[in-house]
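Participant: Please find the sequence and the predicted model below.
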There are 2 protein chains.
Amino acid sequence: MQNSQSSSKRFLDIIVELQSLIKEQRIQYGDKLPSERHLAEKLQVSRTAVREALRSMELLGLIETKRGEGTFLSDFKKHQLVEVLSTFIMQQARSVQDVVETRMIHERAAITAVTEQPELLLLPVWKGMKSKLTEEDAVFLREDMVRETIIATENRLSLKIWFLLKQYSGVSFDVAITEKEEIAIVSELLDEMMKGNTKQALACYEQWMNRVEGERREIE
Amino acid sequence: MQNSQSSSKRFLDIIVELQSLIKEQRIQYGDKLPSERHLAEKLQVSRTAVREALRSMELLGLIETKRGEGTFLSDFKKHQLVEVLSTFIMQQARSVQDVVETRMIHERAAITAVTEQPELLLLPVWKGMKSKLTEEDAVFLREDMVRETIIATENRLSLKIWFLLKQYSGVSFDVAITEKEEIAIVSELLDEMMKGNTKQALACYEQWMNRVEGERREIE
DNA sequence: GTAACAAGGTGGTCTGACCACTTTGTTGAA
DNA sequence: TTCAACAAAGTGGTCAGACCACCTTGTTAC
């Protein structure tokens, strides 16, 4: 029942080594990675093992491969793995609930942090927000409003976790709320945040989420 | 050879076919999957291709493999996905400060959740907690008190993330607080939680963290 | 009856080969 | 000189077959 830490999986080791390599060589998003054959030689393993590791990372959306060209470090916004994953994982209702709830934990924390720190309210990002809310389409709301809030907290780790969770939880959009209603709620949320009213801001958020996430159905 | 014109990745196709197979044959969590060789024959692909698909799924925590035994459908509880991603995330996280702050986000959320849900306060775990606080050694405090709180929320994903963050935020303990002081603070925290005073409980928590995490240094 | 051994099944790894595709360099004709 | 056509090299994609290490199970021998 133990973890067999002694004989850890080879392809996991390779992934770890790849991470080190990416860090050492300062490979940025979009940059090309060494070829499979070069990696195999460098890491002293077979190309088969390298490929198993790369395929895993590809499914996670960490890398992209182009036949005839090479392997590239992916922009972490392109996680198409969600489809594959959701059909598996989301079978368990509790899992969906956990993901959504955890995402909301980060969102509430960000709202609280921003609201309670006056200096964060002075950021330029908030200036155009109110007008955008009414001008642009509603997709902006779910996408950017919360994200900008988390960005404002300057906690990049929280941002990344949130982004991942959003990938898992934010696919379905048969929400029982009109665009107009949503804009009204979010505007109010923004107002309360600007005024530094943590309690009211969080109340707005809960109201918003109740409308958006309230009727989330389970995936079969 | 036949599907080579298809632009979609072979190993993704295999994963999809595996999903169908799992659904058709009603394979449950913990059940054994067909062997790699059988799958290769059944799906008319090479064992290499099957393995690349299986390794990907393993990294996602969807399956588990045991050498000499076989491949088993995994329980979602084992969010290995999170672990792997976290190692990536950590490379980019600016400092340990992000980790600590994110961990505290989850801890505050758990305290709030438990305090605001009276039914969670009736759990047996809280009964012996108070006495343990004074009887056992102080290591218990940091280890178990918060953990039990998060467990009480029944959000396993949050628990998993927290556990990871705890590992990353290190076990450094040059804390400027005596055991006696810490016991007093945590006892108060526990009391306020039991009384359902969210605000006071969180205040205790902040006080606690200020003492424990206040002088944390950054890594490297 | 039981301990020791043997055989088969399974995942883990490696080698070498070929294919499909892209880029790059070279050639050769206009 | 220009540039289109071709050739070569590099890369990911796939495959077959071979061992190895480990586990289970059945058989043997005591």
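Facilitator: It's in. Residues are numbered from 1 along each chain as shown, chains lettered A, B, ... in the order given.
Participant: Would you mind listing what in chain A touches DNA strand C?
Facilitator: The interface of chain A toward DNA strand C, taken as C-beta under 7 Å from any atom of the strand, is made up of A:9-11, A:45-49, A:52, A:66-69. Backbone N, C-alpha and C define where each C-beta goes, glycine included.
Participant: most neighbours, which of those residues?
Facilitator: In terms of neighbours by other C-beta atoms under 10 Å in any protein chain shown, the residues of chain A next to DNA strand C top out with A:E52 at 28 neighbours.
Participant: surely it meets A:D13?
Facilitator: No - using C-beta atoms under 8 Å, A:E52 is not in contact with A:D13, being 11.2 Å away.
Participant: circling back: can you tell me which of the residues of chain A next to DNA strand C are in helices?
Facilitator: Using DSSP state H, the subset of these located in helices is A:R10, A:F11, A:R47, A:T48, A:A49, A:E52.
Participant: Adding distance to chain B and pLDDT, write those residues out as a markdown table.
Facilitator: Output for these, formatted as a markdown table (distance: C-beta to the nearest C-beta, whole Å; pLDDT from 0 to 100):
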| residue | distance to chain B | pLDDT |
| --- | --- | --- |
| A:R10 | 10 | 70 |
| A:F11 | 5 | 74 |
| A:R47 | 10 | 92 |
| A:T48 | 7 | 92 |
| A:A49 | 9 | 91 |
| A:E52 | 4 | 89 |
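Participant: could you say what helices and strands the longest helix seen in chain A packs with?
Facilitator: In chain A, with assignment by DSSP H, the single longest helix is helix A:93-116. Secondary structure elements in contact with helix A:93-116, counted by 3 or more C-beta pairs under 8 Å, 6 or more residues apart in numbering or on different chains; DSSP states H and E, are helix A:146-153, helix A:156-169, helix A:179-195, helix A:198-213, helix B:96-116, helix B:156-168.
Participant: any idea of the angle it forms with helix B:146-153?
Facilitator: If you take axes from the mean of the first three to the mean of the last three C-alpha atoms, to 10 degrees, helix A:93-116 sits at 120 degrees to helix B:146-153.
Participant: and the angle from helix A:93-116 to helix A:156-169?
Facilitator: Relative orientation of helix A:93-116 and helix A:156-169, computed by the same axes, to 10 degrees: 140 degrees.
Participant: buried residues in helix A:93-116?
Facilitator: Applying a neighbour-count criterion of 16 or more other C-beta atoms under 10 Å in any protein chain shown, one finds A:95-115 buried in helix A:93-116.
Participant: now it: how far from the chain's centre is it?
Facilitator: 12 Å (C-alpha atoms, centre = their mean, to the nearest Å).
Participant: Stretch A:51-63 now?
Facilitator: For stretch A:51-63, the distance from its own C-alpha centre to the chain's C-alpha centre is 18 Å (C-alpha atoms, centre = their mean).
Participant: Let me know whether it sits next to DNA strand D.
Facilitator: Yes - for a cut-off given as C-beta under 7 Å from any atom of the strand, stretch A:51-63 has contacts with DNA strand D, namely A:R51, A:L54.
Participant: For A:W208, which non-adjacent residue is closest in space?
Facilitator: Closest residue to A:W208 apart from its sequence neighbours, by C-beta to C-beta, 6 or more residues apart in numbering or on different chains: A:I185 at 4.7 Å.
Participant: Would you confirm that the one you found contacts A:R211?
Facilitator: Yes - the pair formed by A:I185 and A:R211 meets the contact definition of C-beta under 8 Å, at 7.1 Å.
Participant: between the two, who's got more neighbours?
Facilitator: More neighbours surround A:I185 than the other of A:I185 and A:R211, with 20 against 16 (other C-beta under 10 Å).
Participant: For that one, which residues are in contact?
Facilitator: Under the criterion of C-beta atoms under 8 Å, 6 or more residues apart in numbering or on different chains, the neighbours of A:I185 are A:C204, A:Q207, A:W208, A:R211.
Participant: what separates it from A:D191, distance-wise?
Facilitator: Between A:I185 and A:D191 the distance is 11 Å, computed by C-beta to C-beta, to the nearest Å.
Participant: rewinding a little: any chance of the helices and strands packed on helix A:93-116 in TSV, with mean pLDDT too?
Facilitator: Formatted as TSV, the helices and strands packed on helix A:93-116 follow (pLDDT from 0 to 100):
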stretch	mean pLDDT
helix A:146-153	89
helix A:156-169	74
helix A:179-195	85
helix A:198-213	87
helix B:96-116	88
helix B:156-168	73
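Participant: Which one of the ones you listed lies nearest to A:L62?
Facilitator: Taking C-beta to C-beta as the measure, those were each checked against A:L62, and helix A:156-169 came out nearest at 11.5 Å.
Participant: ok, now how distant is the residue nearest in space to the middle of chain A from A:E154?
Facilitator: Nearest to the mean C-alpha position of chain A, by C-alpha atoms, centre = their mean, lies A:F163 at 1.4 Å. Counting by C-beta to C-beta, the gap between A:F163 and A:E154 amounts to 15 Å.
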